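Student: turn this into a structure:
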Amino acid sequence: MTILYLLALFLFIGYVGRLATFCCRRSLTEWWLTSFLLGVSSVILTGFILSALYQTANTPVWAISVFVTATLLSLILRRLLPTQDRFSVRLLIHERWNDGGTWFRELPAYQRVLFASLFGTLFIIAITNLLLVFFTVPNEWDSMTGHLNRVMQYVQRGTMRHFGGTNWNMDTYPKSVCTLQIYSFLMTGHFENGFKFIHHLSYWTALIAVFGIVQRIGQNRLSASFFCALAYALLPDFLMQSITTETDIVLTAYLSVLLYMLFTFKKTTEDGKPDYRYLYLAGMAFAVAFGHKITFVLLLPSVFVVMVYTVFLSPSWAITFDRTWRLAVAIGISFCLWTLPTGYLKNIEVFGHPIGPPTALKHQSVERAGPLKNLLEQGSRNVVRYGYDHVNLDGIRNLPAGAKINHIMREPLVALEDKLHMRLDEETDFSIQPFAFDRRFVFYNANPYWGVFGFGLIFPLLFLVLIGYVRSRAHVFLGIALVLHFAALSYSAPYDPFKGRYFIETGLFGITFLALLFISPRVSIDVPGRTLWKSYVAVITVLGCLSALLSIFLNTRALPFAWTAPDGRSFPSAFESDRIRQMTLGRPDIYVPYKRFDELVPENATVALATINDDYEYPLYGPKLSRRLIAINPFEQGLKPIPKDANYLFFDKSVMTPKPGDLRLGTDTTMRNAVIVPGEDYYLRKLH
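Tutor: Modelled structure (predicted):
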């Protein structure tokens, strides 16, 4: 049956690609982005319907129903869009391949070396990451406690309805991404790494969108578009999520599609033929993004600024009104289809807030800052803190020599902070983890920022645009959007050294500034001469390539090869490590009890869990994800009775008192000072 389901999956992908040829112009970039949007929209909507019918785990129903949803959506879109003939994607790929080859051959020697370095680096990383996606298990903290844990609960329950899990994210987090993960999981024959597919696909989608956006604002200069897309592909924080089940990279893909549609609409108006299809597709992308994650709210000011430039600015109020109502209606209808059903309304019903319970809000949101005066003070500190975090040789500092160079490079910044008495590392009341000028290896290895491309090129070019030295109207609006999102991340939540993953969306605005290296006369590397400037760009590019390679090959969370980190801890290759060891890399002290649990409990057992919010639960499903887990200590609801059909009880001593006969699985207490959140004292009880 697995072969049939895989065949259905590939047929669906091909079918969506065919439908997209009727909905988009003859553009390879646009075809990919339209296919992506139509595909995810169809799966998400199908997932909501199947959940209501208790068919979430029904693979045959999934295999058929996504075709129905995609067909209906495409029919609606085709009625709204201009009539056009279908085009051949195969022929278009052949043409664009030839165009790319001609472009590369005509490059001057200097640029040919730059692009050869970028393409070569991406090729190596692409092969490595694809292998990591297919052959290494997920192991991110949030996935082990919440994201993948709830996906398995939804599969076991046959519905995504609210149920109350141990971790507060289990029910409160929007469910749209779960539909995509469940679909991939079921259609690949319960392949665990299928959970990563939407995230890896989002990586490539965002790159293609960056290429297309720069084509729209960069005078169709292939060099500008390729450079921006390749540089974005190598940003350390973006790279790191391409092989994980973290959710921000998917939001980035949705945002990139939204921005592409808006800038393409702007381009059609400049050509004198406004094409409203892009407003309708932008409305879909907007709602899908909003339904994916509540942090899209932090992007709303930035998106609005882009909308001002691409939609609202026009020769007359009548034209602006005509555009605005179309976009508003598209967003409104799409909001009802892809945002409201994802769980926000249920959160209001259960918790009185669209995000979740008050405890979670106070821990991770703006409420933790207290009075407005303190929020403004501490949020301003966060702006500077994140600014300092961006000025790092991410990737390169994974090596001891790189860390030493990084430390020396940043000494003037540390001295400046000391002179200005900003107290960045002393004030801690609006911090999840205290700020440190030299972050711990575990923080910067797993969650880097933009690396050398960021502080070496993006921020300097942003500054030159905002002060008016470099003139580009589009980049002024993009710069404002970048600044607004940077500020939103700083003021909306406590400082978190793991927050590098949130800045991949900010980087989407920032990476477009690299186009100025090819389209702005004042900083262009196409201008003859400028040896010093060209040398500087070349050095940054080479360092950026090195940074990307080291970020992937020295990523302790998914090491291609065994390695001993600068802190002295040895890590096995992710390809050779056993499942439990790989999943507990972030919490090595729980490896022994979890390994013992896996050895003692049968694969098809039903296990009651009396665990706490921070406990890893996903590894307990077993290597075939076949154990049934029942949480009896749901978040802030108190301990529930042990279900009669449970065969085993897995519990923390802090939750339940052990009885004679209970097997103490224990925890490695010698590691307690080396881990961020130490494990509990775990016990196992055989019930019957």
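Student: the closest residue to residue 227 other than its chain neighbours: neighbouring residues, count only.
Tutor: If the residues on either side of it in the chain are set aside, residue 227 comes closest to residue 514, at 5.6 Å by C-beta to C-beta, 6 or more residues apart in numbering. For glycine as for every other residue, the C-beta is placed from the backbone atoms N, C-alpha and C. Residues near residue 514, counting by other C-beta atoms under 10 Å, number 25.
Student: from residue 226, how far off is residue 514?
Tutor: Relative to residue 226, residue 514 is positioned 10 Å away (C-beta to C-beta, to the nearest Å).
Student: residue 449 now?
Tutor: Going from residue 449 to residue 226 by C-beta to C-beta gives 23 Å.
Student: same question for residue 602.
Tutor: From residue 602 to residue 226 the distance is 54 Å (C-beta to C-beta).
Student: try residue 649
Tutor: Note on residue 649: its distance to residue 226, by C-beta to C-beta, is 57 Å.
Student: pull the residues that contact the helix or strand hosting residue 463.
Tutor: Element membership for residue 463 (DSSP states H and E) is helix 459-466. Helix 459-466 is contacted by residues 390, 470-472, 475-476, 479, 482-483, 510, 513-514, 516-517, 522-523 when judged by C-beta atoms under 8 Å, 6 or more residues apart in numbering.
Student: starting at the chain centroid, how far to the next helix-or-strand element following that helix?
Tutor: Sequence order places helix 473-492 as the next helix or strand after helix 459-466, per DSSP H and E. Centre-to-centre, helix 473-492 and its host chain are 19 Å apart (C-alpha atoms, centre = their mean, to the nearest Å).
Student: just stretch 508-515 next, same as before
Tutor: On the basis of C-alpha atoms, centre = their mean, stretch 508-515 sits 18 Å off its chain's mean C-alpha point.
Student: and for residue 509, the neighbour number?
Tutor: Using other C-beta under 10 Å as the criterion, residue 509 is surrounded by 28 other residues.
Student: would you agree it is in contact with residue 478?
Tutor: Yes. The criterion here is C-beta atoms under 8 Å, and residue 509 meets it with residue 478 at 5.1 Å.
Student: could I have the CA atoms of the helix or strand residue 282 falls within written out in PDB?
Tutor: Secondary structure from DSSP H and E places residue 282 in helix 277-292. Taking Å, rounded to 0.1, in the frame of the first residue of the first chain, the C-alpha atoms of helix 277-292 are listed here in PDB:
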ATOM      1  CA  ARG A 277      -4.700  37.900  -9.900                       C
ATOM      2  CA  TYR A 278      -1.800  38.800  -7.700                       C
ATOM      3  CA  LEU A 279      -4.000  40.600  -5.200                       C
ATOM      4  CA  TYR A 280      -6.200  37.500  -4.900                       C
ATOM      5  CA  LEU A 281      -3.200  35.200  -4.500                       C
ATOM      6  CA  ALA A 282      -1.700  37.600  -2.000                       C
ATOM      7  CA  GLY A 283      -4.900  37.400   0.000                       C
ATOM      8  CA  MET A 284      -4.600  33.600   0.100                       C
ATOM      9  CA  ALA A 285      -0.900  33.800   1.100                       C
ATOM     10  CA  PHE A 286      -1.700  36.300   3.800                       C
ATOM     11  CA  ALA A 287      -4.400  34.100   5.400                       C
ATOM     12  CA  VAL A 288      -2.300  30.900   5.200                       C
ATOM     13  CA  ALA A 289       0.600  32.700   6.900                       C
ATOM     14  CA  PHE A 290      -1.700  34.100   9.600                       C
ATOM     15  CA  GLY A 291      -3.100  30.700  10.200                       C
ATOM     16  CA  HIS A 292       0.300  29.100  10.500                       C
END
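Student: what's the average pLDDT for it?
Tutor: The average pLDDT within helix 277-292 is 94.
Student: which residues touch the residue most central in space within the chain?
Tutor: When C-alpha atoms, centre = their mean is applied to the chain, the residue found nearest the centroid is residue 249 (1.8 Å). By C-beta under 8 Å, 6+ apart, residue 249 lies in contact with 199, 202, 203, 206, 238, 241, 242, 504.
Student: out of residue 602 and residue 226, which sits in the busier spot?
Tutor: Higher neighbour count among residue 602 and residue 226: residue 226, with 23 against 12, using other C-beta under 10 Å.
Student: please identify the helix or strand for the spatially closest residue to the more buried one that is not a sequence neighbour.
Tutor: Excluding its sequence neighbours, the residue lying closest to residue 226 (C-beta to C-beta, 6+ apart) is residue 115, at 6.5 Å. Using DSSP H and E, residue 115 maps to helix 109-135.
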